[in-house]
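A.B. asks: compute the structure for the input listed below.
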Amino acid sequence: MTWLPKSVVCLSYYDRFRFRSDAFAALVLTLQTFPLAIAIAVATGVPPIYGVLCAAIAGLLASVFGDSKIRVTAPNVVFVAVASSIVAREGILPLSLSTLSAGVLLVFFGAIGLGAGIRMLPRPVVVGFSTGIAVLVVSQQVPALLGIDSQIVADPVPRAALTLIRYPGQIEPHAIILVFSTLILIMACRRGRYIPTSLVAITTGALLVKFGHFPVHTIESLFGSDLMSFRMHLAGAFRLDLLGSILAQGFAIAVLVATESYQAMGLAAKLTGERFNSNGELFVQGGVNVACAFAGGLPTSGVSSHTFDNARLGAQTPIAGILQAVFLVVSLLLMAPLFRFIPMPVISVLILSSVFSMTNWKEVLQLIQVPRIEAAAWVATSLLTIATDLPIAIAVGMLIGVFLYIRKKPAILTKAAPGTSHNP
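C.D. replies: Now for the predicted structure:
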């Protein structure tokens, strides 16, 4: 079957009216996603410029070569836990190599036709990954929320507990003020359909630090004053002793990229009625992550919340995603002078807001009412994700998923039995 990217298909009927809709959607969505790309990069432990560059490259390539009109690909908060752990333990180079290996694995999965298999992972397992990752990311943000320390650590859950127990006297009142002010600002701005809530939040926080002299940790305190320098970390020497860790982390990232991208593509298909090729999506996301490995190393995937906003804002074709990449680079150049003043408590609030919008709490509540075996699978996958390294949790979770699938589809095992009647 001949496969053509949607960007090529849509050119046959493109006109200025669709361009207006695409340009408007791209502009508004850029103002919303630009601060989140910065927040995800900082929470991961890499300079903010890497987050914006990875968002621009991912959006551009996925729009040009992808199989959807409105699906948006960008850095995803779901990767913060695994990516920050890699950076805290080993540095940015291993993160770039892990993202590179994830991209290669995704292309390989697409080549051997594993797309349909990954899509069939049972929902209790997929939601278990999301729930566990949400706990890890929230725990990681606790110290920054309280203004105690902005350092990224490899084991966020114990660190969060120790922070609350051992250092209550070091809580910074100005950080608490920023947190509550940002929360109120986000809730107030969400009533407006086109208000870029996240951009308003980081701009307000940066101005309070610069002119109000709030004594809180900022991006500058974490990365220094030179925030616009770019270094291609993959140009560094490859360490053979990290090969096993890189492949394991790359596998975990690849599975998360696939599941998140399928959710975003499923939402796009529901909103537009279009169909998509599972293996083709793996190819696209694999190529995107290979490119991002050279542009800062942050993993990227389809993002459901951005995809929904893109459709809500009136995007018609992948040209919206291409324009968004251009607007992201322009925003980077315009906003760069404010980067060093952005307070870490505001970054943490944006991360938490993204986590809560990522997690489908209704689905979590529904899992409590499902058969015990499925509820147990969700609990086990969540606990494994929290308590063990993510590659181990992903591997065991996939085994649990295979068990649930076989248990739910006994006909698969008996369909080929002698004497069984079936329709050709």
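A.B. asks: the stretch 201-350 of the chain: strands as residue ranges?
C.D. replies: Along the stretch 201-350 of the chain, the segments classed as strands by DSSP state E, counting those that start in this stretch run 300-302.
A.B. asks: please report phi then psi for the residue sitting nearest the centre point of the chain.
C.D. replies: Central residue of the chain (Cα atoms, centre = their mean): N76, 1.1 Å from the mean position. The phi and psi values for N76, taken as degrees, to the nearest 10, are phi -120, psi 140.
A.B. asks: nearest spatial neighbour of it, chain-adjacent residues omitted?
C.D. replies: Distance criterion Cβ to Cβ, 6 or more residues apart in numbering; nearest residue to N76, sequence neighbours excluded, is S301 at 4.9 Å. From N, CA and C alone the C-beta is placed, and that goes for glycine too.
A.B. asks: contact partners for the residue nearest to the centre of the chain?
C.D. replies: Residues in contact with N76 (Cβ atoms under 8 Å, 6 or more residues apart in numbering) are 40, 260, 299-301, 303, 358.
A.B. asks: among those residues, name the least confidently predicted one.
C.D. replies: Among the contacts of N76, M358 carries the weakest pLDDT, at 70.
A.B. asks: residue ranges with poor pLDDT in the stretch 51-200 of the chain?
C.D. replies: Counting by pLDDT under 70, the stretch 51-200 of the chain contains low-confidence ranges at 149-170, 192.
A.B. asks: tell me where it has strands.
C.D. replies: 73-75.
A.B. asks: and the helices in it?
C.D. replies: Secondary structure of the stretch 51-200 of the chain (DSSP state H, counting those that start in this stretch): helices at 80-90, 92-111, 115-119, 123-146, 156-166, 173-189, 197-212.
A.B. asks: list just the one of those helices that sits closest to S353.
C.D. replies: helix 173-189 (6.0 Å; Cβ to Cβ).
A.B. asks: angle of that closest one against helix 123-146?
C.D. replies: Orientation note: helix 173-189 sits at an angle of 130 degrees relative to helix 123-146 (axes from the mean of the first three to the mean of the last three Cα atoms, to 10 degrees).
A.B. asks: so which elements touch helix 173-189?
C.D. replies: helix 123-146, helix 197-212, helix 344-358 (3 or more Cβ pairs under 8 Å, 6 or more residues apart in numbering; DSSP states H and E).
A.B. asks: now the ones you listed as TSV including distance to G244?
C.D. replies: Shown next, in TSV, are the helices and strands packed on helix 173-189 (distance: least, Cβ to Cβ, whole Å):
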stretch	distance to G244
helix 123-146	22
helix 197-212	38
helix 344-358	30
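A.B. asks: would you turn those helices into a markdown table with distance to F19 and mean neighbour count?
C.D. replies: Shown next, in a markdown table, are the helices and strands packed on helix 173-189 (distance: least, Cβ to Cβ, whole Å; neighbours: other Cβ atoms under 10 Å):
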| stretch | distance to F19 | mean neighbour count |
| --- | --- | --- |
| helix 123-146 | 36 | 23 |
| helix 197-212 | 24 | 19 |
| helix 344-358 | 29 | 23 |
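A.B. asks: nearest to A375, out of the ones you listed?
C.D. replies: Closest among the helices and strands packed on helix 173-189, once you apply Cβ to Cβ, is helix 123-146, at 7.2 Å.
A.B. asks: what about that closest one, distance to the chain center?
C.D. replies: Relative to the chain's own centre, helix 123-146 is displaced by 12 Å; criterion: Cα atoms, centre = their mean, to the nearest Å.
A.B. asks: what's the answer for stretch 197-204, then?
C.D. replies: 20 Å.
A.B. asks: what about D389, how many neighbours?
C.D. replies: D389: 17 surrounding residues under other Cβ atoms under 10 Å.
A.B. asks: how much space between the residue nearest to N76 and L207?
C.D. replies: Distance, S301 to L207, using Cβ to Cβ, to the nearest Å: 33 Å.
A.B. asks: same deal with P345?
C.D. replies: 14 Å.
A.B. asks: and if you look at V330?
C.D. replies: The separation that V330 has from L207, given Cβ to Cβ, amounts to 21 Å.
A.B. asks: can you check N279 too?
C.D. replies: Per Cβ to Cβ, N279 is found 48 Å from L207.
A.B. asks: now R119
C.D. replies: R119 is 45 Å from L207, by Cβ to Cβ.
A.B. asks: what's stretch 346-358 in contact with?
C.D. replies: Under the criterion Cβ under 8 Å, 6+ apart, residues 35-36, 38-40, 42-43, 76-78, 80, 130, 134, 137-138, 141, 144-145, 178-179, 182-183, 186, 198, 201-202, 205, 219, 304-305 lie in contact with stretch 346-358.
A.B. asks: repeat the analysis, applying 6 Å as the threshold.
C.D. replies: With contacts defined as Cβ atoms under 6 Å, 6 or more residues apart in numbering, stretch 346-358 is touched by 39, 42-43, 77, 134, 137, 141, 144-145, 178-179, 182, 198, 201-202, 205, 305.
A.B. asks: list the residues that contact Y262.
C.D. replies: By Cβ under 6 Å, 6+ apart, the contact list for Y262 reads R119.
A.B. asks: and the pLDDT at it?
C.D. replies: If you check Y262, the pLDDT there is 93.
A.B. asks: what's the separation between it and M120?
C.D. replies: Here the criterion is Cβ to Cβ. By it, Y262 lies 10 Å from M120.
A.B. asks: and for S21?
C.D. replies: In terms of Cβ to Cβ, S21 sits 35 Å off from M120.
A.B. asks: now the helices for the stretch 301-424 of the chain?
C.D. replies: Counting by DSSP H, counting those that start in this stretch, the helices of the stretch 301-424 of the chain are 304-312, 319-335, 344-358, 361-367, 372-387, 390-408, 411-414.
A.B. asks: out of these, nearest to S101?
C.D. replies: Closest among the helices of the stretch 301-424 of the chain, using Cβ to Cβ: helix 390-408, at 11.5 Å.
A.B. asks: elements contacting the closest one?
C.D. replies: If contacts are counted by 3 or more Cβ pairs under 6 Å, 6 or more residues apart in numbering; DSSP states H and E, helix 390-408 sits against helix 123-146, helix 243-272, helix 372-387.
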